[in-house]
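Asks: sharing a sequence plus its predicted fold:
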Amino acid sequence: MTVGARSAIFSASKPGCAVRMASICSPTRLSLSLRTTLSSLRTSRAPGISLRSSPISLSLSIKPVRSNFKNPVSASSASADMAGQCQKKVEKFQTEEEVAVRLAKYTADLSAKFEKERGAFTVVLSGGSLIYTLRKLAEEPYMYMVEWEKWHVFWVDERVVKRDHADSNYKLALEGLLCKVPIPPGQVYAINDTLSAEGAAEDYETCLKHLVERNVIATSKATGFPKFDLMLLGMGPDGHLASLFPGHPLCNEKTKWVTHITDSPKPPPERITYTFPVINSAAYNAMVVTGDDKADAVQRALGNSQHPDTLPVQSLAAEDELTWFLDQGAASKL
Ligand SMILES: O=C(O)[C@H](O)[C@@H](O)[C@H](O)[C@H](O)COP(=O)(O)O
């Protein structure tokens, strides 16, 4: 059944969070079980709805290792010191489909953990193919396992374009996930698309500071930077993550939470991005990589490569746990 476009007007009381979004969610086809209003959907875990919880078959190979990699971009910072201690896991799957199923379960499990522990779940998205790989989260059984009203959604990087532009990471996530699940609109934090790249980065950082003050976003005791519960990240074939590109000085930023770039080698050129101290202060970081065009960068990051140059993704860590999710193509050179 076709559900009409969902109007989402976002507004917040503080200037830093003055994000207002006119919905660009196109009519979406939802399954029979979702033929309902959002409010009734929220009660769909009530008796009467039976969840299909058949066992999920995974081709799973978990290789937990203690990370001992150095963080060359911020070696002297507390963030890097803590990041070096983080638990690192690598999970490999045959297909992208299997990665998608595992990622949905992983995210739903962390959502339940933080809902219980903190009463909120702060999730940071990237753009790119990650959003497609997150698709299972909006399907049974995961759809009904998550308390969506506890979610607060952010972007690790965003292109400085209007929110209805084809390049917008917000638009990508809205159409791929957010318009299918009942997250309160005021808890989806898009950038202010009326500002310059510099202005949008400052505005986003102010928004984050306001949310840290309210304890919506936790603070890392180790680094003093915000501690998001989960960041769902992608990597480019060149080893970039967020909008932190190889050899770019932004990789060395140690003070700002959010910064901007006007010469991104991946178009469009103007973007805002979280910095490494913030990314590496997240409780959980998930790096989701599929496709054999990324096998070289994966090998550089996880293999025994002695390559002298450092890719940004090699500096990735997390305060509690970093997990790499790879399909066969991405893992083909490990
Ligand atoms: O705005 C962006 O460009 C993305 O946030 C970017 O950091 C992305 O995550 C990687 O480039 C991987 O993208 P793909 O998975 O599509 O290769």
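Replies: Here it is on my side, so go on.
Asks: can stretch 299-313 be said to contact the ligand?
Replies: No. Legend: contact between stretch 299-313 and the ligand by Cβ under 6 Å from any ligand atom is lacking; minimum distance shown is 9.8 Å. Just so you know, the C-beta spots here come from the backbone N, C-alpha and C atoms, and that holds for glycine as well.
Asks: my bad, stretch 182-197
Replies: No. Applying Cβ under 6 Å from any ligand atom, one finds stretch 182-197 separated from the ligand by no less than 11.7 Å.
Asks: how far off centre is that stretch?
Replies: The chain centroid and the centroid of stretch 182-197 are separated by 15 Å under Cα atoms, centre = their mean, to the nearest Å.
Asks: rounded mean pLDDT for it, please.
Replies: Per-residue pLDDT values across stretch 182-197 average out to 97.
Asks: could you do stretch 161-174 as well?
Replies: Confidence over stretch 161-174 (mean pLDDT, whole number) is 97.
Asks: how much space between the closest residue to the ligand within the stretch 51-200 of the chain and Gly236?
Replies: Shortest the stretch 51-200 of the chain-to-the ligand distance, computed as Cβ to the nearest ligand atom: residue-wise this is Gly128, at 2.4 Å. To Gly236, Gly128 is 8 Å away according to Cβ to Cβ, to the nearest Å.
Asks: give me the contacts around the top helix by length along the chain.
Replies: Among the segments of the chain that qualify as a helix by DSSP state H, the longest is helix 96-118. For helix 96-118, the surrounding residues in contact (Cβ atoms under 8 Å, 6 or more residues apart in numbering) are 56, 58-60, 91, 93, 120-123, 132-137, 139, 142, 145-147, 150-151, 218, 229-230, 232, 284, 286, 288, 290-291, 323, 325-327.
Asks: ok now that helix, how far from the chain's centre?
Replies: Between the mean C-alpha location of helix 96-118 and the chain-wide mean there is a distance of 12 Å, by Cα atoms, centre = their mean.
Asks: next, the buried residues of that helix.
Replies: Of the residues in helix 96-118, those buried under the neighbour-count criterion (16 or more other Cβ atoms under 10 Å) are 96, 98-108, 110-111, 114-115, 118.
Asks: hmm, that helix touching the ligand?
Replies: No. Shown here: helix 96-118 not in contact with the ligand (Cβ under 6 Å from any ligand atom), separated by at least 10.9 Å.
Asks: list the contacts of the helix or strand following that helix.
Replies: Going down the chain from helix 96-118, the next helix or strand is strand 121-125, by DSSP states H and E. If you take Cβ under 8 Å, 6+ apart as the criterion, strand 121-125 is touched by 107, 110-111, 114-115, 131, 134, 147, 150-156, 169, 173, 216-218, 228-232, 274, 282.
Asks: just checking, Ala222 touches Ala317?
Replies: No. Ala222 sits out of contact with Ala317 when judged by Cβ atoms under 8 Å, with a separation of 11.5 Å.
Asks: so between these two, which is more surrounded?
Replies: Neighbour count, other Cβ atoms under 10 Å: between Ala222 and Ala317, Ala317 has more, with 26 against 15.
Asks: ok, the more buried one to the ligand distance?
Replies: Distance of Ala317 to the ligand, computed by Cβ to the nearest ligand atom, to the nearest Å: 17 Å.
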